[in-house]
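Peer 1: what's the 3D shape of this:
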Amino acid sequence: MAKKSAPEKSSSRVPGSREEDAWLSDEELAKCAPAETEKFQSPVPTRMVSNGEYMPILQTEKQKRVEARIEELAGSAAKKLGVSRRKFLVSTGGMAAAFLAMNEVFGHFFDVNPIEMFEPAAYAATGVPKNLFVFDDQTHMVRSSMLGPTVLRAIAQGPTTPGFPKNPFNPTGLPDELGGVYTPWNPALIGAPITPDMFHLVEYIKSFFFDSQTTVAVLSNANFNVITEPGGTTRPAKNIPEALASEILTGQQTAGVRDFVNRIAGSTRMLGHGQLYTGVGNLDFMQFQIDSFHPDSWKGYNIATAAKVDVDPNSVMRTWRLDDEAVAYPTYELIVKNKQELKRRPGFFNICVHKGLAPGPPDIPERGNPTDVPKAATDWPQLNFIIYHSGIRPAFFDFESLQEIRSGVLREGVPDISWTTQFAQLAAPFRNVYGEIGTTFASSVITFPTVAAHILGQLLKYLGDERIVFGSDSLWYGNPQWQIEALWRFEIPDEMAERWDYPELDKEAKRNILGLNSARLYKLRTGRGDEGDDDEHEHERRRLSDIYKPVPANFASLIPNDLKKLLEFPGFTTDNFSRMKEEYVALGIEPSNVRHGFIRTKA
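Peer 2: Model prediction:
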């Protein structure tokens with residue numbers, strides 16, 4: 001709905017109150033009440049909660065049924081346990097009751113049993129196993145001189161995010177599948193402050209290796225290369241030094257973090273992406289990355305202006321597509337020529353490419369359409385193409401995808417979810433193409449579970465559980481444990497699976513997705529499958545602790561000064577011009593002797 005003009009202030013509105021700041025009229029306010037006055041406070045919201053900018057819809061009949069069922073289950077269980085209903089509702093038993101009620105009303109999406117309402121141990125037993133090998137294929141942090149994208153933290157934290165009272169990706173107040181417009185994805189973030197260091201190194205290590213079950217993480221980076229000119233206008237970068245100065249994290253910084261964590265842990269807990277700058281004008285920089293810090297794999301963005309298609313110093317970089325023989329293929333050729341790196345970095349031939357999260361026109365591969373995947377995969381069978389986000393087109397709020405599912409429009413017999421369905425079907429014949437679910441799963445599992453179920457069902461149907469990989473896209477959304485737990489408990493409803501011929505998302509499939517597939521892509525040990533082992537999972541638990549050592553708890557005190565300088569810690573930061581010059585020199589670019597002006601040629 002269209003944004004309203006501010007209402008005239010009424011004398012009935014107390015200065016500083018939520019009513020004074022609301023966009024709602026007095027007439028609309030008279031039909032509402034503060035959310036905290038709700039008599040029944042469920043572990044999961046059971047009605048739309050407005051932030052005051054839009055008029056909330058009435059509780060739906062299904063939401064009423066969920067609330068009534070939670071209340072019924074909570075009352076019965078609390079009585080049996082001899083505790084108050086309020087105490088029960090804030091326990092793991094209360095959460096189990098909420099999952100059970102949602103399964104009954106909306107369909108079976110979550111793996112939960114009635115016994116879990118009474119036994120915390122039972123709730124934990126159906127949760128993520130302690131022996132699970134988790135490989136997070138897409139993680140992020142920011143150099144310490146930058147703040148990072150707080151707007152992405154807002155979408156995961158919800159309306160308690162300082163500075164973001166409304167959903168930044170749902171400006172018109174559309175309801176999600178369960179009736180909310182700004183439902184938090186990650187409950188652990190509710191009420192958390194926005195701090196300058198929340199995307200920096202110390203928080204990164206703490207979140208992945210202390211607050212979650214992540215075994216190995218790939219640190220990623222971006223190369224959007226948007227340069228802001230004096231006056232506020234923007235343009236693409238013209239050269240690598242200019243681009244690197246604008247990025248939140250470079251490949252060299254990524255490698256520095258990787259090497260530090262692995263050194264203090266005494267094992268491989270981190271891998272690092274090199275930056276996929278395509279085009280003939282960027283080949284020297286690609287070789288520089290290979291020679292200088294040996295990337296474990298590569299990360300690129302079709303939508304990023306990261307392709308230098310000539311050697312003209314004044315031309316800007318542009319977007320690119322996977323199957324462009326003049327732009328992308330020389331870059332693939334350079335990577336393949338450096339095949340000696342495979343001995344040290346077995347994932348060196350893994351090409352990780354962002355596709356999706358780009359609503360609106362044009363519908364082309366440079367923005368994320370997957371039609372460029374088949375030719376690239378055919379022409380370069382020695383490379384693995386890992387398509388990040390599995391091409392999901394909407395940006396962070398999946399209302400459009402839910403509408404597509406409900407529309408009845410099909411693509412080859414299944415609901416047509418923009419770009420993701422097309423990607424899964426196009427990629428099906430190619431064993432060297434993988435679907436990654438970073439953000440795609442996070443943005444749908446809590447707010448649009450039907451979308452999550454269809455996406456996972458289609459990826460399983462066309463790629464199989466051996467070609468889907470897990471990425472959390474955090475730190476953007478807080479530590480990744482909530483996503484790991486959500487995926488482990490998530491199930492595709494039987495009725496949906498039968499209707500659309502989706503394979504079962506069983507425990508073995510989840511183990512593959514959450515870690516084992518990526519372990520094969522990067523040739524990492526997981527401790528599984530040794531001959532003569534009677535209890536494979538117990539063996540895995542024992543061997544994982546031997547293979548992957550813990551990061552020391554005093555890691556912050558071990559950060560060396562050279563890494564602090566590389567990441568631009570406060571007090572260690574060099575200015576942009578100094579940094580650009582260092583990177584310019586490191587590239588081996590020779591200075592120009594061209595003069596500008598006039599010279600005399602006649603007596």
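Peer 1: distance of Arg235 relative to Ser315?
Peer 2: Counting by C-beta to C-beta, to the nearest Å, the gap from Arg235 to Ser315 is 11 Å. Where you see a C-beta, it was placed from the backbone N, CA and C, and this is true even at glycine.
Peer 1: go on, Leu459?
Peer 2: Distance from Leu459 to Ser315, by C-beta to C-beta: 39 Å.
Peer 1: now swap in Ile513 and tell me
Peer 2: 42 Å.
Peer 1: most centrally placed residue in this protein?
Peer 2: Asp473 (2.4 Å; C-alpha atoms, centre = their mean).
Peer 1: not counting its neighbours along the chain, what's nearest that residue?
Peer 2: Gly438 (4.0 Å; C-beta to C-beta, 6 or more residues apart in numbering).
Peer 1: is it true that that neighbour touches Gln138?
Peer 2: Yes - the pair Gly438 / Gln138 is scored as a contact, 4.1 Å apart, by C-beta atoms under 8 Å.
Peer 1: in three-state terms, label the nearest residue to Asn170 once chain neighbours are set aside for me.
Peer 2: In space, Asn170 comes closest to Phe397 once its chain neighbours are excluded; the distance is 4.7 Å by C-beta to C-beta, 6+ apart. Following DSSP: H, G, I helix; E, B strand; the rest coil, Phe397 is assigned to coil.
Peer 1: distance of Phe397 relative to Phe490?
Peer 2: From Phe397 to Phe490 the distance is 19 Å (C-beta to C-beta).
Peer 1: pick out whichever of the two has more residues nearby.
Peer 2: Ranked by neighbour count (other C-beta atoms under 10 Å), Phe397 and Phe490 place Phe397 first, with 23 against 18.
Peer 1: which residues touch the more buried one?
Peer 2: 155, 167, 169-170, 174, 176, 443, 447 (C-beta atoms under 8 Å, 6 or more residues apart in numbering).
Peer 1: mark which of the residues you listed are buried, thanks.
Peer 2: Using 16 or more other C-beta atoms under 10 Å as the burial test, the contacts of Phe397 include 155, 167, 169-170, 176, 443, 447 as buried.
Peer 1: tell me the mean pLDDT for stretch 138-156?
Peer 2: The average pLDDT within stretch 138-156 is 94.
Peer 1: in this structure Phe349 contacts Asn384, no?
Peer 2: Yes - contact status for Phe349 versus Asn384: in contact at 6.1 Å, counting by C-beta under 8 Å.
Peer 1: any chance you could map the helices in the stretch 1-150 of the chain?
Peer 2: Residue ranges of the helices in the stretch 1-150 of the chain, as given by DSSP state H, counting those that start in this stretch, are 18-21, 26-29, 61-81, 85-89, 92-106, 120-125, 150-157.
Peer 1: can you give me the mean pLDDT across the first one?
Peer 2: The average pLDDT for helix 18-21 rounds to 58.
Peer 1: quick one: the strands in the stretch 201-350 of the chain, in order.
Peer 2: 216-219, 226-228, 234-236, 270-275, 297-301, 350-354 (DSSP state E, counting those that start in this stretch).
Peer 1: which of those has the lowest average pLDDT?
Peer 2: That would be strand 226-228, which, of all the strands of the stretch 201-350 of the chain, carries the lowest mean pLDDT at a mean of 87.
Peer 1: note down every partner strand of that one and its orientation.
Peer 2: strand 234-236 (antiparallel) (DSSP bridges).
Peer 1: report the distance from the partner strand to the chain centre.
Peer 2: Relative to its chain's centre, strand 234-236 lies at 26 Å (C-alpha atoms, centre = their mean, to the nearest Å).
Peer 1: got the buried residues for that strand?
Peer 2: In strand 234-236, counting by 16+ other C-beta under 10 Å, buried: Pro236.
Peer 1: contacts only, for the closest residue in space to Val261 that isn't next to it in sequence.
Peer 2: Excluding its sequence neighbours, the residue lying closest to Val261 (C-beta to C-beta, 6+ apart) is Met270, at 4.6 Å. With contact set as C-beta under 8 Å, 6+ apart, Met270 has these partners: 216-219, 257-258, 261-262.
Peer 1: and the two most separated of those?
Peer 2: Val216 and Val257 (13.6 Å; C-beta to C-beta).
Peer 1: list the contacts for Asn314?
Peer 2: Counting by C-beta under 8 Å, 6+ apart, Asn314 has contacts Lys238.
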